[in-house]
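In: Here you go, sequence then predicted model.
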Amino acid sequence: IPSGTVGFNAGMLDGVSSVTIPSSVKYVSGYASVEEGEVLRINVPSMSYWVNAGFAGTIAGGYYRIFANGSEVTTWNPTSAPKSIPDSWMEGCLSIKSLTLPNGVTSIGDSAFYNCRNLASVKLPASMKSIGWGAFSSDEIEEYDEENDDYTYRYESALKTVTLNERLEYIGDEAFAHCVSLESVSIPSTIEEFGGDVFASCTSLKSVTFAEGLKSIGYAMFWNCRAIESVKMPSSMREIGDSAFFCEEIEVYNRETDDYDYFYESALKSVELNEGLEYIGDEAFAHCVSLESIVIPSTVTYFYDAFYGCTALKSANIANGVREVDNCAFEDCLSLETVALPDSVVNIGGSAFRGCVALKQVVLPGKLETIGQDAFRGCVSLNGVSLPVTVSRIGIGAFMECDALVDFSIASGNKRYQAAGGLIIDYVSHTVIGPYGSPTEVVIPYGVRNIGESAFEHSVKFRSYDAAAEFEYSSKVQKVELLLLFF
């Protein structure tokens, strides 16, 4: 730009590889876009000039490096800055490695430091209250793999440390998402609201500390943060958001089989939940495959599929006071051997323990009222179950495919259910609910008028012809004896 120029339109920089802006320039209009694969070099008299003249935020797409008096600006500790950092303020700047914002700055706009891939350290002032959407996040990088004739995808970010201040009240969606070098973070007590996916896919994040006073963790806040090793909730915590620590399935190409392998990975081995916690969101800890034990506090009222697929989980202790084990809460916890159900539990949800193949025994509480559909289905090691007199509803398939279940009983005083001939019978509606275990032979007793919907799903298929009944047998059920099916 010629010396003496007062202003220019940033659009004139499209396709340019380097620009020098003289101190005579007082304003810039429009936006510049850097072509993919290119990096624009910007030469300015000083960083304060760059900011005060309003040039920051004029690069609408792509990457650039900034030089002041011929030297690249890698450390930036401005003594003054806008009270509210504008959206996309330094988006795409590859120069800055260290940033300390001055006191007085209260908010950071959306994407303010988005795609600043070399930014390694950020320190926020005590005055900071709000961090916007994607403020320090980055784009996915697509690369073509010639050897496998396929595309690979990765994220790149140098951000290793970030200091969040007390007084901070809001962190927006994906504010630090995909910061793949971030190793630790402390969450202040003053945050009142989180957006979704705040630290999602920070795959190097090992240590997370929650300050006393913090009441909630946002949706998918640490989604796919596979390196986190332990979590301890403060006594003030009341809500853990859906998918907060969920780990996604990993897909890896296998050259030997010319196919893809799929697996889960998580280092989270210890989770300490606090009394006072009320809500554990859907899939909050799903597929945390290193988690070995969990204690559910007495105050928890909801934990739907919270520990689904935690394949290393061996013990689950549910404190007295919890009234319901929600649907799918421990489904596919393949190593789960012991479960302590307190007297306070009145409902076991559908698929709550489905597929817990190592579970051998479970003592059902004396005040239990409902057992959901497929609640213990596929618990192939379960060998003994006794249902209390209080049970008033048993879902379809609740104890189906429990291969070792031979010791099954229902308290004699139960007004609705009985176990007979390898079947669970509802004598109020004269209906077969289904078999328990994996019987090869079942007997339909006298008095039964109905076979419940899907009662023999995956065990026996039922077909009716006029007033007769015909069964098509599976490999497990070899014989069905109809003593008196139709009246």
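Out: On my side now, so go ahead.
In: quick one: pLDDT of residue 145?
Out: Confidence at residue 145, expressed as pLDDT, is 76.
In: what sits against it?
Out: If a contact means Cβ atoms under 8 Å, 6 or more residues apart in numbering, then residue 145 has 151, 152 as its contacts. C-betas here are computed from N, CA, C, even on glycine.
In: So that it lines up with my notes, have the first residue be 43 from now on.
Out: Fine by me, first position is 43 from now on; the one you just mentioned is residue 187.
In: Bridged to it, which residues?
Out: For residue 187, the beta-bridge partners are residue 192 (DSSP bridges).
In: what's the distance between it and residue 193?
Out: 7 Å (Cβ to Cβ, to the nearest Å).
In: what are the ranges of the strands in the stretch 243-392 of the chain?
Out: Counting by DSSP state E, counting those that start in this stretch, the stretch 243-392 of the chain has strands at residues 249-252, 258-259, 272-274, 281-282, 292-296, 301-305, 312-314, 321-322, 335-338, 357-360, 366-367, 380-382, 389-390.
In: Output the contacting helices and strands for the fourth one.
Out: In this case it means strand 281-282. Counting contacts by 3 or more Cβ pairs under 8 Å, 6 or more residues apart in numbering; DSSP states H and E, strand 281-282 is packed against strand 258-259, strand 321-322.
In: Kindly report the same for the third one.
Out: In terms of contacts (3+ Cβ pairs under 8 Å, 6+ apart), strand 272-274 is packed against strand 312-314.
In: The strand it packs on - what's its average pLDDT?
Out: Per-residue pLDDT over strand 312-314 has a mean of 97.
In: and it, what other elements does it pack with?
Out: strand 272-274.
In: mind listing what's buried in the strand it packs on?
Out: residue 273 (16 or more other Cβ atoms under 10 Å).
In: Could you spell out the sheet neighbours of that strand, each with its direction?
Out: strand 312-314 (parallel).
In: Name the residues that touch the partner strand?
Out: Contacts for strand 312-314 (Cβ under 8 Å, 6+ apart): 271, 272, 273, 274, 275, 327, 330, 333, 334, 336, 337.
In: what distance separates that strand from the centre of its chain?
Out: 16 Å (Cα atoms, centre = their mean, to the nearest Å).
In: Pick the most deeply packed of the helices and strands packed on strand 281-282.
Out: Among these, ranked by average contacts under mean count of other Cβ atoms under 10 Å, first place goes to strand 321-322 (a mean of 24).
In: quick one, what contacts residue 376?
Out: Contacts of residue 376 by Cβ under 8 Å, 6+ apart are 353, 397, 398, 399, 400.
In: Residue 256 too?
Out: Neighbours of residue 256 in contact, by Cβ under 8 Å, 6+ apart: 229, 230, 231, 233, 276, 278, 279.
In: cool, and residue 59?
Out: So residue 59 contacts 80, 81, 82, 83 (Cβ under 8 Å, 6+ apart).
In: who's the closest residue to the third one other than its chain neighbours bridged to?
Out: Read that as residue 82. Spatial nearest neighbour of residue 82, chain neighbours left out: residue 106 (4.1 Å); criterion: Cβ to Cβ, 6 or more residues apart in numbering. Bridge pairing for residue 106 (DSSP bridges) gives the partners residue 82, residue 135.
In: So what's the residue count around residue 106?
Out: When neighbours are counted by other Cβ atoms under 10 Å, residue 106 registers 22.
In: which ones are touching the closest residue to residue 200 other than its chain neighbours?
Out: Using Cβ to Cβ, 6+ apart and skipping residues adjacent in sequence, the residue nearest residue 200 is residue 162, 4.3 Å away. For residue 162, the contact set (Cβ under 8 Å, 6+ apart) comprises 139, 140, 200, 201, 202, 203, 223.
In: where in the stretch 393-529 of the chain is pLDDT low?
Out: Low-confidence regions of the stretch 393-529 of the chain, defined by pLDDT under 70, span residues 499-529.
In: With distance to residue 347 as added columns, please give the strands of the stretch 243-392 of the chain in TSV.
Out: Formatted as TSV, the strands of the stretch 243-392 of the chain follow (distance: least, Cβ to Cβ, whole Å):
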stretch	distance to residue 347
strand 249-252	22
strand 258-259	17
strand 272-274	18
strand 281-282	13
strand 292-296	20
strand 301-305	19
strand 312-314	16
strand 321-322	10
strand 335-338	14
strand 357-360	14
strand 366-367	11
strand 380-382	16
strand 389-390	14
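In: so which of those strands gets nearest residue 148?
Out: Closest to residue 148 of these is strand 258-259 (Cβ to Cβ; 22.1 Å).
In: Now that closest one: average pLDDT?
Out: Averaging pLDDT along strand 258-259 gives 96.
In: Contacts for that strand, please.
Out: Contacts of strand 258-259 with the rest of the structure, by Cβ under 8 Å, 6+ apart, involve 236, 252, 279, 280, 281, 282, 283, 286.
In: Any of those buried? List them.
Out: 236, 252, 279, 281, 282, 283, 286.
In: Among those, which one lies nearest to residue 87?
Out: Comparing those against residue 87 with Cβ to Cβ picks out residue 236 as the nearest, at 40.1 Å.
In: Go ahead and confirm that closest one touches residue 263.
Out: Yes - with contact defined as Cβ atoms under 8 Å, residue 236 reaches residue 263; the gap is 6.0 Å.
In: Now list whatever residues contact both of those two.
Out: By Cβ under 8 Å, 6+ apart, the residues touching both residue 236 and residue 263 are residue 283.
In: Number of residues surrounding residue 77?
Out: Neighbour tally, residue 77, other Cβ under 10 Å: 14.
In: Looks to me like it is in a helix.
Out: No - Residue 77 is assigned coil when assessed by DSSP: H, G, I helix; E, B strand; the rest coil, not a helix.
In: Would you confirm that it contacts residue 57?
Out: Yes - counting by Cβ under 8 Å, residue 77 touches residue 57, with 6.5 Å between them.
In: And residue 436, how close does it get to residue 378?
Out: Residue 436 is 21 Å from residue 378, by Cβ to Cβ.
In: Just want to know which of those two has more residues nearby.
Out: residue 378 (27 against 23).
In: that older thread, tabulate the buried ones among the contacts of strand 258-259 (a markdown table), appending pLDDT and distance to residue 244.
Out: Formatted as a markdown table, these follow (pLDDT from 0 to 100; distance: Cβ to Cβ, whole Å):
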| residue | pLDDT | distance to residue 244 |
| --- | --- | --- |
| 236 | 95 | 14 |
| 252 | 96 | 16 |
| 279 | 97 | 20 |
| 281 | 97 | 21 |
| 282 | 98 | 17 |
| 283 | 97 | 16 |
| 286 | 98 | 13 |
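In: Let me know the closest of those to residue 243.
Out: Among the buried ones among the contacts of strand 258-259, residue 286 lies closest to residue 243 (Cβ to Cβ), at 13.6 Å.
In: contacting residues around the closest one?
Out: 259, 260, 261, 262, 263, 264, 265, 323, 326, 327.
In: One more: residue 82?
Out: 55, 58, 59, 60, 61, 74, 76, 101, 104, 105, 106, 107.
In: Drop anything exposed from those.
Out: Buried among these (16+ other Cβ under 10 Å): 55, 61, 74, 76, 101, 104, 105, 106, 107.
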